[in-house]
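Asker: this is a predicted model, with the sequence first.
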Amino acid sequence: MVGTSEIEPKSGSAGAAGFVVSRAGGMTGTPTSGDDVAGLAGSLTGTGWSEQAAMPNMISRLRRAILQSGLICLLTVSPGLAEEFVCFVYHRFGDDRYPSTNIAVDAFRGQLEYLRDEGFTVLTLGDALVRLDAGSLGGPTAVLTVDDGYDSFRTGALPLLQEFGMPATLFVNTNSIGRRGMLDWDDLTELLAQGMEIGNHTATHDYFLDLPPAGRSLTFGEDVAQAQGTLTERLGQAPKLFSFPFGEYDPDMRASVERLGFAAAVAQNSGVVSSHADRFALPRFPMGGPYATVDGFKRKARMLALPVVAREPESPVVAGDSAPWLTLRVVREGISLHRAQCFVAGASACSLQVEADADTATLRVHGHEPLQGRRTLYTVTAPSTSGPGWHWFSHVWVRPRTDYGATIRKLGK
């Protein structure tokens, strides 16, 4: 176990003492081991309940603290219970030709059995968000999302979902619909009739961050709008939800999705959806490759949201091979922050600084080595003070290509 040192006692408000701690790396032998986090990092790079009370006086102090902090990605905080649900993302089912994005059908059955046996309510993402906003989730809730629209959903997943009476939300890129190995329009129409939800995953599913920044948002917005028009015409209803291809976005792309009228968007940073989550970059635990197991699913289904109310930097995009800092402001209540730990790409090669006052804490994470690969996850976990659960938050860094000419030729621009 890596040691934790108290650096400076702080006097908090309302008679509560704050503290400052610094930790190098993570702790071993915990419910969120490095191997567990490495599973999410591997899935991300390979693929291209405990409720927290938020009393009004605490929220008031929290807002003042955030405004004074200078953090720039401000998320919504609502009085009352911070309800939450766990969300998973799948791609292929029973198709071992593509192991990094595939889950065995038997493993998927085991996951659905777990949700049934443990009393989870399984909802579409749209329904879960409506209940989250209304404060009416009422118990353990899970959402199953599926990206890209491969035909293996129809042959591998759908029969099991029908057997267990559970819905799913599919995100489809319209240029691929009806191609070999993909769902077609008749399939999508039938899935809607059976209670599944269809969302927008762009028309082309391109690496939009590889475009020059000056025209990126315009090209991305046109692509999303094209897909939205096609989906609305062919399915008779306009999708309300969006999924970023590869989970990649920048602030302008995020703003485009919101401006186009979507209710929410999902990315591929792991974590639990709560009232504190960024509505246009919702987290999902990936279920693909060697980490798409029943045991791994059970661990993720029991995770709790780390209530992050502000984040700096706002953008996941990072240039070069630097080792960036990530700063988070979190609600402190119910979380054992002196036992918090960090991971970079599943390994504990990072430093975590925690400075807490009565109601909130600032967490600063820094990797020991420059980022490698296109996408890298910074993950922070901390145990609950009221039970065996662990709180989880991750931030994805993306290092786009800079040879913009090649990307422009690929897109035909």
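Answerer: Thanks, I have it.

Asker: please enumerate the helices of the stretch 151-300 of the chain.
Answerer: Using DSSP state H, counting those that start in this stretch, the helices found in the stretch 151-300 of the chain span residues 152, 158-164, 185-193, 213-235, 251-259, 294-301.

Asker: the ones you listed: which one's closest to residue 202?
Answerer: Nearest to residue 202 among the helices of the stretch 151-300 of the chain is helix 213-235; the distance by CB to CB comes to 5.0 Å. (Each C-beta comes from the backbone N, C-alpha and C, glycine too.)

Asker: show me how far the closest one is from its chain's centre.
Answerer: Its chain's average C-alpha position is 22 Å from that of helix 213-235, according to CA atoms, centre = their mean, to the nearest Å.

Asker: all further residue positions should be reported with the first residue as 35.
Answerer: Shifting the count to begin at 35 puts that one at helix 247-269.

Asker: which helices and strands does that helix pack with?
Answerer: helix 219-227, strand 231-234, helix 285-293 (3 or more CB pairs under 8 Å, 6 or more residues apart in numbering; DSSP states H and E).

Asker: want to throw those into TSV with mean neighbour count, distance to residue 186 and mean pLDDT?
Answerer: Formatted as TSV, these follow (neighbours: other CB atoms under 10 Å; distance: least, CB to CB, whole Å; pLDDT from 0 to 100):
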stretch	mean neighbour count	distance to residue 186	mean pLDDT
helix 219-227	15	12	98
strand 231-234	24	17	98
helix 285-293	18	27	98
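
Asker: where does the prediction get shaky in the chain?
Answerer: The chain contains residues with pLDDT under 70 at 35-116, 438-447.

Asker: go ahead and flag the most central residue of it.
Answerer: residue 317 (1.3 Å; CA atoms, centre = their mean).

Asker: nearest to residue 163, of the helices and strands packed on helix 247-269?
Answerer: Here strand 231-234 is closest among the helices and strands packed on helix 247-269 (CB to CB), at 10.9 Å.

Asker: need the CA coordinates for that closest one. CSV is fine.
Answerer: The C-alpha coordinates for strand 231-234 follow below in CSV (Å, rounded to 0.1, in the frame of the first residue of the first chain):
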residue,chain,number,x,y,z
GLU,A,231,-34.5,2.9,-28.5
ILE,A,232,-32.6,4.2,-31.5
GLY,A,233,-30.1,7.0,-31.3
ASN,A,234,-27.9,9.0,-33.6
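
Asker: how far does it sit from the chain's center?
Answerer: 17 Å.

Asker: still on that earlier bit, so for residue 117, which of the helices and strands packed on helix 247-269 sits nearest?
Answerer: Comparing those by CB to CB, strand 231-234 comes nearest, at 19.9 Å.

Asker: which outside residues touch the closest one?
Answerer: The contact list for strand 231-234, computed with CB atoms under 8 Å, 6 or more residues apart in numbering, reads 158-161, 201-206, 222, 225-226, 258, 261-262, 265, 269, 273-277, 296.

Asker: try 7 Å this time
Answerer: Applying CB atoms under 7 Å, 6 or more residues apart in numbering, the contact partners of strand 231-234 are 158-160, 201, 203-206, 222, 225-226, 258, 261-262, 265, 269, 273, 275-277.

Asker: the residue nearest to residue 190 when sequence neighbours are not counted and residue 137: what is the separation?
Answerer: Spatial nearest neighbour of residue 190, chain neighbours left out: residue 127 (3.0 Å); criterion: CB to CB, 6 or more residues apart in numbering. Using CB to CB, to the nearest Å, residue 127 is found at 6 Å from residue 137.

Asker: that older thread, need the helices and strands packed on helix 247-269 in TSV with distance to residue 347, can you?
Answerer: Output for the helices and strands packed on helix 247-269, formatted as TSV (distance: least, CB to CB, whole Å):
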stretch	distance to residue 347
helix 219-227	37
strand 231-234	27
helix 285-293	9
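
Asker: residue 360: which of these is closest?
Answerer: Checked against CB to CB, the stretch from the helices and strands packed on helix 247-269 lying closest is helix 285-293, at 15.6 Å.

Asker: now that closest one, how far from the centre of its chain.
Answerer: Using CA atoms, centre = their mean, the offset of helix 285-293 from its chain centre is 17 Å.

Asker: output the helices of the stretch 185-334 of the chain as a markdown table; include the columns distance to residue 390.
Answerer: Putting these into a markdown table (distance: least, CB to CB, whole Å) gives the following:
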| stretch | distance to residue 390 |
| --- | --- |
| helix 186 | 47 |
| helix 192-198 | 42 |
| helix 219-227 | 47 |
| helix 247-269 | 37 |
| helix 285-293 | 28 |
| helix 328-335 | 27 |
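
Asker: residue 152: which of these is closest?
Answerer: Taking CB to CB, helix 328-335 is the member of the helices of the stretch 185-334 of the chain nearest to residue 152, at 7.5 Å.

Asker: list the contacts of that closest one.
Answerer: 70, 73, 120, 141, 144-145, 148, 176, 319, 321.

Asker: ok, so of the residues you listed, who is nearest residue 388?
Answerer: residue 70 (21.1 Å).

Asker: how about the secondary structure of residue 161?
Answerer: Recorded secondary structure, residue 161: helix (DSSP: H, G, I helix; E, B strand; the rest coil).

Asker: actually residue 147, not the one I typed
Answerer: Assignment for residue 147 (three-state DSSP): helix.

Asker: chain neighbours aside, what residue packs nearest to the residue nearest to the centre of the chain?
Answerer: Excluding its sequence neighbours, the residue lying closest to residue 317 (CB to CB, 6+ apart) is residue 305, at 3.2 Å.

Asker: how near is that neighbour to residue 403?
Answerer: In this view, residue 305 and residue 403 are 23 Å apart by CB to CB.

Asker: more crowded one of those two?
Answerer: Shown here are residue 305 and residue 403; by other CB atoms under 10 Å, residue 305 has more neighbours (30 against 12).

Asker: so in terms of bridging, what pairs with that one?
Answerer: Here residue 305 sits in beta bridges with residue 427, as judged by DSSP bridges.

Asker: residue contacts, it?
Answerer: 317, 339, 426-428.

Asker: ok, and the most crowded of those residues?
Answerer: Going by other CB under 10 Å, residue 427 tops those with 28 neighbours.
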